[in-house]
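Asker: coords please:
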Amino acid sequence: MSAKFKLIVGFVLLEIIDIFPFPTTTLVALYIVMKKPLWFKHLVMELYQLDKDTKMK
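Answerer: Just a heads-up that it's a prediction; the model follows:
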């Protein structure tokens with residue numbers, strides 16, 4: 001599964017959950033900023049590597 005697809009699915013899920021009056025997207029963003037989870041770093045690295053590979057072709 002590509003990084004872009006994972007991000008799109010994640011954003012869609014966050015937007016569906018964010019319909020309720022609870023700031024889900026903000027809490028997820030705060031978690032990522034405060035904890036700096038390893039899975040997020042890998043996802044960003046995979047996304048930029050994918051972007052670099054597509055530009056070289």
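Asker: what lies in contact with the helix or strand encompassing F5?
Answerer: Counting by DSSP states H and E, the element that carries F5 is helix 3-17. Outside helix 3-17, the residues that touch it by Cβ atoms under 8 Å, 6 or more residues apart in numbering are 24-25, 28, 43, 46-47, 50. In short, each C-beta sits where N, CA and C put it, glycine included.
Asker: which element follows it toward the C-terminus?
Answerer: Counting by DSSP H and E, the element after helix 3-17 in chain order, helix or strand, is helix 24-35.
Asker: okay, the angle between that following helix and helix 3-17?
Answerer: 130 degrees (axes from the mean of the first three to the mean of the last three Cα atoms, to 10 degrees).
Asker: sketch out the low-pLDDT regions of this protein for me.
Answerer: 50-57 (pLDDT under 70).
Asker: what separates Y48 from K4, distance-wise?
Answerer: Noted for Y48: a distance of 11 Å to K4, by Cβ to Cβ, to the nearest Å.
Asker: okay, now K4: neighbour count?
Answerer: Here the number of neighbours of K4 (other Cβ atoms under 10 Å) works out to 13.
Asker: which SS state does M45 fall under?
Answerer: State at M45, reduced to three classes by DSSP: H, G, I helix; E, B strand; the rest coil: helix.
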